[in-house]
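1. Can you look at this prediction? I've put the sequence above it.
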Amino acid sequence: MDSLSRISSGLGEPLYADECTMKVDRISYAQVLIEMDVARELPKNLKVEDPNGRMFEQAVQYEWVPEYCAECMQDGQASWVVQKILKAVKHLQEASFTEANMESMEKYNVSRVYLQIRGRMEKVGWRSLAWKNVGSPKWLFILYLAVMGRLATKDRLAKWGIVQIQTCHLCQQENEDHDHLFFKCSYAAEVWTSILKWKGINKNTKNWMEEIQWASKCMKGQNGKTMVYKMALENTVYCIWLECNARIFQQKKTTSSILVKHIIQEIHGRGSRYAKVATRLDDLNNYP
Ligand SMILES: [Zn+2]
């Protein structure tokens, strides 16, 4: 009985032994309930000293091991729900939510928790160009990269040591960077000026960030005119970027007047699905 007590204590906190075990009614079998920390590795054997001072090793077998233990968590074997709960607790702690915070919340507010986990971010000035934009996601993606200055233009490739010659493939005159490509480049300027003319806007082409700022400031709301403008800007950026790549990788050239027609056709094709845009496009059923 004394050895059994030592074995039990070595494994964890002994809670209960049944009557047969306590009275040593059974010689070959003992049953003890032990509280153990399952988040730690469970021992497979235990060194025990008997009342006569002799050491012996006792093998430990477990009839059942809960899935939530340190080893299982690493192997991804813990149940999906337990893993999700533990991750959620971790995220909430990172966002400075304590248990007391959560309990004091009268009504669980998903947006508040999400914003606190994500952190407050400054709103970008060009968000109105992306908001309620019915253009193709791939157009918007390239516009986003262009605004962030993340397209692989030649100035950036030169910085990474990938190219030495930075001359623009569209005009063959100046070095290529974001500001040149959209729309200082003579080819890109022809395209953009024609697109502006098609929309009935008479203004000189500005540099890239000024164009974005002008569009963000003047093209707000969800009327047909604004929506067509936003589609035209993003599709023009997308098509100029594609034209640039076609010249480099496929040795294909499209003239600026053909590219303008292609941009207008794509805007008509996609915009006709949306009532407000379709109404505006009825007035723009021509080429500049
Ligand atoms: Zn150029």
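-> Structure's in. What do you need?
2. Below-threshold pLDDT in the protein: ranges please.
-> Low-confidence segments of the chain, defined by pLDDT under 70: 1-2, 27, 66-79.
3. Next, the buried residues of stretch 26-41.
-> Going by neighbour count (16 or more other C-beta atoms under 10 Å), the buried part of stretch 26-41 is Ala30, Val32, Val38. In this view, the C-beta of every residue, glycine as well, is placed from N, C-alpha and C.
4. Can you tell me which of those residues lies closest to the ion?
-> Ranked by distance to the ion (C-beta to the ion), those are led by Val38 at 66.1 Å.
5. just to revisit the earlier point, can you tell me which of the buried residues of stretch 26-41 are in strands?
-> Secondary structure of those is defined by DSSP state E; positions in strands are Val32.
6. So which of the buried residues of stretch 26-41 is the closest to Phe182?
-> Relative to Phe182, the closest of these is Val38; by C-beta to C-beta it sits at 59.5 Å.
7. The closest one against Val82, yeah?
-> No - counting by C-beta atoms under 8 Å, Val82 is not a contact partner of Val38; they are 11.5 Å apart.
8. Contacts only, for Leu15.
-> The neighbours of Leu15, taking C-beta atoms under 8 Å, 6 or more residues apart in numbering as the test, are Leu33, Ile34, Glu35.
9. again, but for Glu211
-> Phe182, Phe183, Trp192, Thr205, Leu233.
10. Need the three-state assignment for it.
-> Three-state secondary structure (criterion: DSSP: H, G, I helix; E, B strand; the rest coil) places Glu211 in helix.
11. could I get stretch 147-161 in PDB with only the CA atoms?
-> Coordinates of the C-alpha atoms in stretch 147-161 are reproduced here as PDB (Å, rounded to 0.1, in the frame of the first residue of the first chain):
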ATOM      1  CA  VAL A 147      -0.700  53.000 -56.100                       C
ATOM      2  CA  MET A 148       1.500  51.300 -53.600                       C
ATOM      3  CA  GLY A 149       4.500  51.500 -56.000                       C
ATOM      4  CA  ARG A 150       4.800  47.700 -56.000                       C
ATOM      5  CA  LEU A 151       4.800  46.800 -59.700                       C
ATOM      6  CA  ALA A 152       8.000  45.400 -61.000                       C
ATOM      7  CA  THR A 153       9.000  48.500 -63.000                       C
ATOM      8  CA  LYS A 154      12.500  48.800 -64.400                       C
ATOM      9  CA  ASP A 155      13.700  51.200 -61.700                       C
ATOM     10  CA  ARG A 156      12.800  48.600 -59.000                       C
ATOM     11  CA  LEU A 157      14.300  45.700 -61.000                       C
ATOM     12  CA  ALA A 158      17.500  47.800 -61.400                       C
ATOM     13  CA  LYS A 159      17.700  48.300 -57.600                       C
ATOM     14  CA  TRP A 160      17.500  44.500 -57.200                       C
ATOM     15  CA  GLY A 161      20.200  44.000 -59.800                       C
END
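12. any residue of it up close to the ion?
-> No - counting by C-beta under 5 Å from the ion, no contacts exist between stretch 147-161 and the ion, the nearest distance being 10.1 Å.
13. got the residue ranges for the helices in the stretch 151-288 of the chain?
-> Counting by DSSP state H, counting those that start in this stretch, the stretch 151-288 of the chain has helices at residues 154-159, 178-179, 186-198, 208-218, 224-249, 256-271, 275-282.
14. Now the element after the helix or strand where Tyr16 lies, going C-ward?
-> Taking DSSP states H and E as the criterion, the element that holds Tyr16 is strand 13-17. Following the chain from strand 13-17 toward its C-terminal end, the next helix or strand by DSSP H and E is helix 19-22.
15. And the residue of the stretch 1-150 of the chain closest to the ion?
-> Taking C-beta to the ion, the ion has its nearest neighbour within the stretch 1-150 of the chain at Ala146, 14.8 Å off.
16. List the contacts of that residue.
-> Each residue near Ala146 by C-beta under 8 Å, 6+ apart is listed here: His178, Phe182, Trp208, Val237, Trp241.
17. Among these, which one lies nearest to His268?
-> Val237 (18.1 Å).
18. OK, contacts around Asp37?
-> Residues in contact with Asp37, defined by C-beta under 8 Å, 6+ apart, are Gly12.
19. So which residues on the stretch 51-200 of the chain come close to the ion?
-> Neighbours of the ion within the stretch 51-200 of the chain, by C-beta under 5 Å from the ion: Cys168, Leu170, Cys171, Cys185.
20. The residues you listed into CSV, with extra columns for distance to Gly200?
-> Below are those laid out as CSV (distance: C-beta to C-beta, whole Å):
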residue, distance to Gly200
Cys168, 29
Leu170, 26
Cys171, 27
Cys185, 24
